[in-house]
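[1] Structure, please.
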Amino acid sequence: MVSIFHHHTHDGTPATPSVPLPPPQRQPAEPHDATADVARLPLIYVRGFAGGTSGIDKQVDDPFYGFNDGSTHIRVGGDGAAQYYQFESPLLRLFAEDGYHPLVTGDPKSYLRARAAGSVDPATVWIHRFYDASADTFGGKAADFDIEAAARDLYELVQLVREKTGADKVVLIAHSMGGLICRSMLQKWSHQSLGDFRPTLPGKDLVDRLFTYGTPHGGIAFAVGGGLLDEFMEDLGPVGSDIFAPEKMYGYLVPHVDFGTEAPPDWPVNVVPPEDFDTDRIFCVVGTDAGDYGLAQKVVGPQSDGLVAIRNAYVEGAHRAYVHRSHSGRYGLVNSEEGYQNLRRFLFGRKRVEIALAGLAPAPPDADGRRSFWQGEIQLSIRGLPVVMHQQLAAHHCPVTLEPEPDGGPIPLTTVFLLDPLTMPADGSNTPVSLPSRYSLHLRVSRLTEEHGLLFWRDHLAQTADWDDTLIVDVGHEADDPKGELRLWAAWNSQVPVAIADRYPISDGPLAPDRDATLSVPLPPSAGRLLGADASLVLRPSVRE
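    Below is the predicted model of the structure:
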């Protein structure tokens, strides 16, 4: 059979690491999943803003700069009640599930410098300890924090890790301001020299992927001012206010521009130029839970993670997931199951499926002739996980406006990165040991009406969509070909005559690709009458290079 997954081609195909991976540190528990066959590149974590001296001193006491923080709270149910759920931390999960391990022997940089080139295991996690120089706990005078110095130090750490592991590239994982340090390195300091700092290669040749949690790619803007803003800025500090002001970000993101130089009025702050880095290799986790963050959410506003506005938390054109978590703390982004599951799939998922809505008819005007439009809400879940991987809801201030594309093309909804499902036991026999991966895409569509540029609510029925259904998708292998190509089975929940847990696979046969290698799932008749007779979800599978 012809594979539905086709190689995704783009400029700048990454090279594979030149050093063979070492034997696994431990035997996998019973089933073996395909992430074990994906090359492990070194991971470098870059933390976020720590505040003033006391905050910095606290952070440098942590060997892993917070990447080892877990959580025990999760919000579930319609009322968002808190329940106990243990997430160990992204660091421990990478160790336990994905074959990574730390190499902390005193000073990690000294350890690396002492090792021969190519002698260090690539499957390692490194922490960019840029705040150490600004702490007053190590003796000597603490230096003022400088985001550009942190970016230059990151470049040198990346080069050191590459040399000692033999890996062609590394992966950068960053929280909040850490993502701006990464962008400064990629966009400016991998192209510009200063004193003894002499970059030899552009950042795009050193970094394979960039994953950010709650990074203010578009800066930090405040919804209100006055005393609350003054109190918040006192905590953030004058350096912080400069770093996150969009007009000042120009100085550390653009080569050969001094910090403090104000940006031109039309400078797009959240755009990474393609010559600096491929946005297809960037993933941004966007938080939507302002209420659990604290004081900052009162000045930033509800359309945020409590500190970073939703509209500012992603790079234009990059992959993104919206999760109902706050910027940090008990319900934070980094210490969340949602964040880790998106990270894991972006790093190790060799296949992906782009999901779009095709054939959508324009929303008809209301009975009085007012202009109307379609608003969508989507939730992506995976069987076996107690969290929603991606959700754009009106209640979370991030619904999807479903406007037909000018060229008539499908409306993008989301992209799913796939881990190959568990297929073979550890003994290598051909007997499948698990069901396919099961995904659900909950889609709600409502018609909203405008009058004089404002939404008209008279005919709106709260909590009730004009159409609401869930697409169930199974991803796996056919029973008679357990080592063959992955297949997709799909059905709308409204058309499944039994409990979905009792039907496997969810449809009678796998989806067949069209001539352009896409898979089409027509909307149910009830939706077709409302949204257009030709309305369908279009799934475009591809293999990542």
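
[2] separation between His396 and His390?
    Separation of His396 from His390 (C-beta to C-beta, to the nearest Å): 11 Å. Yep, even glycine has a C-beta here, placed from its N, CA and C like the rest.

[3] With Pro199 instead?
    Noted for Pro199: a distance of 36 Å to His390, by C-beta to C-beta.

[4] picking up where we left off before, intersection of neighbour lists for His396 and His390?
    Both His396 and His390 are contacted by Tyr322, under the criterion C-beta atoms under 8 Å, 6 or more residues apart in numbering.

[5] of the two, who's got more company?
    His390 (22 against 19; other C-beta atoms under 10 Å).

[6] Validate this expectation: that one resides in a strand.
    Yes - under DSSP: H, G, I helix; E, B strand; the rest coil, His390 sits within a strand.

[7] That one bridge partners, please.
    On the basis of DSSP bridges, His390 is bridged to Leu380.

[8] What confidence value was assigned to it?
    You'll see His390 listed with a pLDDT of 97.

[9] What residues does it make contact with?
    Taking C-beta under 8 Å, 6+ apart, one finds Ala321, Tyr322, Val323, Asn342, Ile378, Gln379, Leu380, Thr414 in contact with His390.

[10] Which of those ranks first by neighbour count?
    For the contacts of His390, the largest number of neighbours (other C-beta under 10 Å) sits with Tyr322, at 29 neighbours.

[11] is it true that it touches His396?
    Yes - with contact defined as C-beta atoms under 8 Å, Tyr322 and His396 form a contacting pair (7.2 Å).

[12] what do these two both touch?
    Residues touching both Tyr322 and His396 (C-beta under 8 Å, 6+ apart) are Thr288.

[13] Skipping its backbone neighbours, what lies nearest Leu418 in space?
    Lys351 (4.5 Å; C-beta to C-beta, 6 or more residues apart in numbering).

[14] Let me know how buried Val254 is, in neighbour terms.
    Neighbour count for Val254, taken as other C-beta under 10 Å: 18.

[15] What distance do you get for it to Asp280?
    Counting by C-beta to C-beta, the gap from Val254 to Asp280 is 22 Å.

[16] Next: Arg183.
    For Arg183, the distance to Asp280 (C-beta to C-beta) stands at 16 Å.

[17] Give me the more crowded residue out of the two.
    Arg183 (27 against 18).

[18] ok now do that one, which residues does it touch?
    By C-beta under 8 Å, 6+ apart, the contact set of Arg183 is His217, Leu253, Val272.

[19] After the helix or strand it falls within, heading C-terminal, what element do we hit next?
    Here Arg183 is covered by helix 177-184, with elements defined by DSSP states H and E. Downstream of helix 177-184, the first helix or strand assigned by DSSP H and E is strand 207-213.

[20] mean confidence for that following strand?
    Averaging pLDDT along strand 207-213 yields 98.

[21] Which elements pack onto that strand?
    Packing partners of strand 207-213 (3 or more C-beta pairs under 8 Å, 6 or more residues apart in numbering; DSSP states H and E): strand 170-175, helix 177-184, strand 282-287, helix 337-348.

[22] Please repeat the previous calculation with a cut-off of 10 Å.
    Here strand 207-213 touches strand 43-46, helix 147-165, strand 170-175, helix 177-184, strand 282-287, strand 319-323, helix 337-348, going by 3 or more C-beta pairs under 10 Å, 6 or more residues apart in numbering; DSSP states H and E.

[23] Return the distance of Asp276 relative to Gln187.
    Counting by C-beta to C-beta, the gap from Asp276 to Gln187 is 5 Å.

[24] and for these two, which residues touch both?
    Pro202, Gly203, Lys204, Leu253, Pro255 (C-beta atoms under 10 Å, 6 or more residues apart in numbering).

[25] what sits against Thr124?
    Applying C-beta under 10 Å, 6+ apart, the residues contacting Thr124 are 40-44, 94, 100-104, 108, 112, 161, 164-165, 167.

[26] among those, which ones are buried?
    Neighbour counting over those (16 or more other C-beta atoms under 10 Å) leaves 40-44, 94, 100, 102, 108, 112, 161, 164-165, 167 as the buried ones.

[27] show me where the stretch 201-350 of the chain has helices.
    Assignment of helices within the stretch 201-350 of the chain using DSSP state H, counting those that start in this stretch yields the ranges 227-236, 238-244, 246-253, 296-300, 337-348.

[28] that older thread, neighbour count winner among Asp276 and Gln187?
    The residue with more neighbours, out of Asp276 and Gln187, is Gln187; 24 against 19, by other C-beta under 10 Å.

[29] residues contacting the more buried one?
    151, 202-204, 252-255, 271-273, 275-277.

[30] Distance to Val308 and pLDDT for the residues you listed - can I get that in JSON lines?
    Formatted as JSON lines, these follow (distance: C-beta to C-beta, whole Å; pLDDT from 0 to 100):
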{"residue": "Ala151", "distance to Val308": "19", "pLDDT": "96"}
{"residue": "Pro202", "distance to Val308": "28", "pLDDT": "97"}
{"residue": "Gly203", "distance to Val308": "23", "pLDDT": "97"}
{"residue": "Lys204", "distance to Val308": "25", "pLDDT": "97"}
{"residue": "Tyr252", "distance to Val308": "18", "pLDDT": "96"}
{"residue": "Leu253", "distance to Val308": "17", "pLDDT": "97"}
{"residue": "Val254", "distance to Val308": "21", "pLDDT": "97"}
{"residue": "Pro255", "distance to Val308": "25", "pLDDT": "96"}
{"residue": "Val271", "distance to Val308": "17", "pLDDT": "98"}
{"residue": "Val272", "distance to Val308": "17", "pLDDT": "98"}
{"residue": "Pro273", "distance to Val308": "22", "pLDDT": "98"}
{"residue": "Glu275", "distance to Val308": "26", "pLDDT": "97"}
{"residue": "Asp276", "distance to Val308": "22", "pLDDT": "98"}
{"residue": "Phe277", "distance to Val308": "20", "pLDDT": "98"}
